[in-house]
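Asks: My questions concern the predicted model and sequence given below.
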Amino acid sequence: MNFTEEFAEVIVTVIDKQIEKEQVITMIETPKYKEMGDLAFPCFSLAKHYRKPPKVIAQEISKEIQTPLFEEVKAVGGYVNVYLNKTEVSSKILTQIITEKEYYGSTNIGQGGVVTIDLSSPNIAKPFSMGHLRSTVIGNSLGLVLEKCGYKPVRINYLGDWGTQFGKLIVAYQKWGSEGQVRENPIQELFRLYVHFHKEAENDPSLNDRGREAFKKLEDGDEETLKLWKWFREESLKEFMKIYNMLGISFDSNHGEAFYNDKMDRVVQLLEENNLLEESDGAQVVNLEDSAPCLIKKRDGTTLYATRDVAAAIYRQETYHFVKSLYVVGHEQTLHFKQLFKVLEKMGYEWHAGLAHIPFGMILKDGKKMSTRKGKTVLLEEVLKEAIELAEKGIKEKNPDLASKDEIARQVGVGAVIFHDLKIFRMNNIEFSLEDMLRFEGETAPYVQYTHARACSLLRRGNDKIHLSIDKFEDVEAWPVISLLMNFPGVIQQALKDYDPSKIAKFVIELSRAFNKYYATVKILDSNKVQERLALVYAVKIVLNEGLRLLGIESPEEM
RNA sequence: GUCCCAGUAGCUCAGCUGGAUAGAGCAACAGCCUUCUAAGCUGUGGGUCGCAGGUUCGAAUCCUGCCUGGGACGCCA
C-alpha cells in the first residue's frame, strides 16, 4: 500500500497526463510541518506549461481531487496539500504490519541474486581497532538490508594475512621476540614487536630491506618462515573471534589474502594474454587511461595488494556468481578500487559492472588519523567491555530484579557501540569519543531498546486485550507514530539504494521519539481504546525490533 | 602540484534527486515519577547553513572560484 503512488495517480488524471506518473511520484514530498498535511504536490513546474501562476494551478487541482483516502485537500501557495484519512489509513497500515510482522517492509527486488560483501578485514597480528569496527558493522548491516530486499548476501572476511608487513614482523620476532611472550599474550606482543620494528627502522632503513627479504622467503614457501606465519595467524584469529562473538557477527568465508597465493600466477598470465601488462621501472603494471597505472608485480617479482584483489574478484565470481560485489573499505582506498575495477573491465569481464566500493570516513583522534604503526590505537575489545559494564551498572540501578542481566547488558552495551557508529553517515570522519560511545541517552541504541522494552511491557500486561484485526482506528493522537510506521518500507529502500544504514538508524530514533511522546500523553492500558492502542504498540514493537535487527542490534524484551 | 571527501547551534550530527517558518541529540537552565519501565516526557535560551559569485520564480541543497580540515597520488595494505 503506497499512498504516494495513489496520490500521484490522482494528480496525473487531473493534469491530463502533462507529466508522467513516475515523475509525479518523485515530485511529491512530505510537508515540512505536519499542520500542512501528509503529502504535498508542488505546482511550480507546471506554471510554464499552463501559463498560470502556481497558486491558481494548485487551487484548480485541489478542487478536482476526490477520494475516500484523503480527508482534506487544500491549496496553500503553490502546493496541493493532502491530509490522509487517518482512520482509514491507520487501520490499513496497522493491519498490514500486524499481519506481515517481521516481513513488513520486505521486498524481492533482489530476486535471489548473490551479493558478496567484503567487510571487516582486520590485519593479522594487529589489534582489532575502531577503524575495523566501521567496516564490520556497516558491512554487516548492508548484508541484512540486502537480505531483506531479496538478495543473498555472502559475507567475506578478507583477512589481512599476507604482505610485506609479515616479513617485517618475522624479522622483528627473530630479533627481539620470544616464543613464551607471544604465547602468553599473542596480539599484544606481536603488535609490540611490529611497533618496535617501525621505530627502529626510522634510524636503520636497512631493516625495511630485511623485512622485504623475509617476505620474499615467505612467498617462496620457506618452511621456517611459513611456520611462524601460520602460528601468528592462528593466534590472531582466535582473538578476533572473541570480538565477533560479542558483536554477534559471523562470516560465510574467512579466506584472507594468503588464500589467493596460488591463484596469482593465473592472474598474471591472464593479463599477459590480454596484452595488458607493461614494464615500468622494472615493475609490471597495467596502464590505465584515467588514473595512475595499477602495479601488478614489484621489481623483485613479488605481488601486491592489487594483484591479490584481482585474483579474489575472479575467484568470487567463479565461486558465487555474484550480481553485485561490495567492498566496505575506508575511503582512503578509493583510488585502489578505481584501479582494480578498471583492470577487471579491461580484462573483459562483464561482471565488472556489479563491483562497488562502499567507502567510509576515518576514526580520528584529535583530528588526526590513528596510526597503528606508532601504536596509537584504541582497542575495540576494551571499549566493548566498558560499554557492557556500564550497561550492567544501569540495570542494577534501574531494574535490579531483571533476570539474565549479563545477556541484556551485553545487548545494550554492544548495541550502543554499534549504533554510535551506524547513526552517522558513512562518509563522515568520526572523532573518537569514548564518552559519546558510552552514552545511553538521547539518540542512542539503548534509547531505542528502552522504547522497545516499554512496548513489550505493555503487551505483556495487556496480553488478553490484543485484537489482530483493526476495523476502525480513531486515535488521532497516534497519527505521528502511524505516519512514521508507514514510512518504514521506504526507509529500507533508501538505505539499500545509498548503501546507507544511517537512514535506518535515524528512522528508529524518530519512531522511538514519537512513540515515547505518545506514551507520555496517552493512557494505553487504562482506557476505552485499549484494543486499538495495543495494536499500535504491537506494530511499533515489530518495527523497532526489525529496524534494530537490520542494524545488527538486538532488542531485549526487558531492560 | 593533481584528485577525492567534509565544512549547518558551544559540541556531535540530520536536512542536500532545488521548494513553504533551518531540525534533533548532547551540554546549560526550569519543570514532570502514590499512576502503563524517568535509559523517559515537557519547556527555555542558542544559527552570517565556511566565504564570494552564478543558475532559478525559489539555493543549506545545483555550478564555478577561494578558504579551512582530513585523505590519496607506483614497488605498504
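Replies: Thanks, I have it.
Asks: packing partners for the longest helix anywhere in chain A?
Replies: For chain A, the longest helix by residue count, based on DSSP state H, is helix A:223-247. Packed against helix A:223-247 by the contact rule (3 or more C-beta pairs under 8 Å, 6 or more residues apart in numbering; DSSP states H and E) you find helix A:130-148, helix A:164-176, helix A:179-184, helix A:186-203, helix A:206-219, helix A:380-398, helix A:405-422. C-betas here are computed from N, CA, C, even on glycine.
Asks: Output those as a markdown table; include the columns mean pLDDT.
Replies: Output for the helices and strands packed on helix A:223-247, formatted as a markdown table (pLDDT from 0 to 100):
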| stretch | mean pLDDT |
| --- | --- |
| helix A:130-148 | 95 |
| helix A:164-176 | 90 |
| helix A:179-184 | 90 |
| helix A:186-203 | 87 |
| helix A:206-219 | 87 |
| helix A:380-398 | 94 |
| helix A:405-422 | 96 |
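Asks: Now tabulate those in JSON lines and tack on distance to A:V10 and mean neighbour count.
Replies: What follows is the helices and strands packed on helix A:223-247, written out as JSON lines (distance: least, C-beta to C-beta, whole Å; neighbours: other C-beta atoms under 10 Å):
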{"stretch": "helix A:130-148", "distance to A:V10": "30", "mean neighbour count": "24"}
{"stretch": "helix A:164-176", "distance to A:V10": "63", "mean neighbour count": "21"}
{"stretch": "helix A:179-184", "distance to A:V10": "71", "mean neighbour count": "13"}
{"stretch": "helix A:186-203", "distance to A:V10": "63", "mean neighbour count": "17"}
{"stretch": "helix A:206-219", "distance to A:V10": "67", "mean neighbour count": "18"}
{"stretch": "helix A:380-398", "distance to A:V10": "50", "mean neighbour count": "17"}
{"stretch": "helix A:405-422", "distance to A:V10": "38", "mean neighbour count": "23"}
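Asks: For RNA strand B, which of these is the nearest?
Replies: helix A:380-398 (3.4 Å; C-beta to the nearest atom of the strand).
Asks: Following the longest helix of chain A in sequence, what is the next regular element?
Replies: Per DSSP states H and E, the first helix or strand lying C-terminal to helix A:223-247 is helix A:264-273.
Asks: distance between the ends of stretch A:526-534?
Replies: Start-to-end span of stretch A:526-534 (C-alpha to C-alpha, to the nearest Å) is 11 Å.
Asks: Compute the distance between the residue lying closest to A:E332 once chain neighbours are set aside and RNA strand B, please.
Replies: The shortest distance from A:E332 to any non-neighbouring residue, by C-beta to C-beta, 6 or more residues apart in numbering, is to A:M362 (7.0 Å). Distance of A:M362 to RNA strand B, given as C-beta to the nearest atom of the strand, to the nearest Å: 6 Å.
Asks: Any figure for the gap between A:M362 and A:Q333?
Replies: Separation of A:M362 from A:Q333 (C-beta to C-beta, to the nearest Å) stands at 11 Å.
Asks: do A:A75 as well
Replies: From A:A75 to A:Q333 the distance is 52 Å (C-beta to C-beta).
Asks: List the contacts of whichever residue of the stretch 101-250 of chain A sits closest to RNA strand B.
Replies: Residue nearest to RNA strand B within the stretch 101-250 of chain A: A:G163 (2.9 Å; C-beta to the nearest atom of the strand). Contact partners of A:G163, counting by C-beta atoms under 8 Å, 6 or more residues apart in numbering, are A:F215, A:E257, A:Y305.
Asks: Throw those into JSON lines and include distance to RNA strand B, thanks.
Replies: Compiled in JSON lines, those are given as follows (distance: C-beta to the nearest atom of the strand, whole Å):
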{"residue": "A:F215", "distance to RNA strand B": "7"}
{"residue": "A:E257", "distance to RNA strand B": "5"}
{"residue": "A:Y305", "distance to RNA strand B": "4"}
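Asks: just those now: which is nearest A:H452?
Replies: A:E257 (40.3 Å; C-beta to C-beta).
Asks: give me every residue that touches the nearest residue to that closest one once chain neighbours are set aside.
Replies: Using C-beta to C-beta, 6+ apart and skipping residues adjacent in sequence, the residue nearest A:E257 is A:W162, 3.9 Å away. Residues in contact with A:W162 (C-beta under 8 Å, 6+ apart) are A:G256, A:E257, A:A258, A:N261, A:R308.
Asks: ok, the residues you listed vs RNA strand B, which is closest?
Replies: Among the contacts of A:W162, A:E257 lies closest to RNA strand B (C-beta to the nearest atom of the strand), at 5.5 Å.
Asks: Roughly how far does the closest one sit from A:D309?
Replies: Using C-beta to C-beta, we find A:E257 at a distance of 9 Å from A:D309.
Asks: What sits closest to A:H132 if chain neighbours are left out?
Replies: Spatial nearest neighbour of A:H132, excluding adjacent residues (C-beta to C-beta, 6+ apart): A:P122 at 4.7 Å.
Asks: Return the per-residue confidence for the residue lying closest to A:S250 once chain neighbours are set aside.
Replies: Of all residues not flanking A:S250 in the chain, A:Y244 sits nearest, at 6.6 Å (C-beta to C-beta, 6+ apart). Among the per-residue scores, A:Y244 holds a pLDDT of 96.
Asks: so A:Y244 makes contact with A:L237?
Replies: No: when contacts are counted by C-beta atoms under 8 Å, A:Y244 is not listed as touching A:L237 (10.0 Å).
Asks: Please tell me how far A:V82 sits from A:H196.
Replies: Per C-beta to C-beta, A:V82 is found 68 Å from A:H196.
Asks: repeat for A:D161
Replies: 21 Å.
Asks: related to what we said a few turns ago, in terms of packing, which of A:A75 and A:Q333 has more residues around it?
Replies: More neighbours surround A:A75 than the other of A:A75 and A:Q333, with 19 against 14 (other C-beta atoms under 10 Å).
Asks: tell me the SS of the more buried one?
Replies: Counting by DSSP: H, G, I helix; E, B strand; the rest coil, the backbone at A:A75 sits in strand.
Asks: Isn't it up against A:E64?
Replies: No: contact criterion C-beta under 8 Å: A:A75 and A:E64 do not qualify, at 11.1 Å.
Asks: domain ranges for chain A?
Replies: Listed by automatic domain parsing, the domain ranges of chain A are A:3-84, A:383-551.
Asks: what helix or strand is the nearest residue to A:L288 once chain neighbours are set aside on?
Replies: In space, and not counting its chain neighbours, A:L288 is closest to A:K342: 5.1 Å by C-beta to C-beta, 6+ apart. Assigned by DSSP H and E, A:K342 belongs to helix A:334-346.
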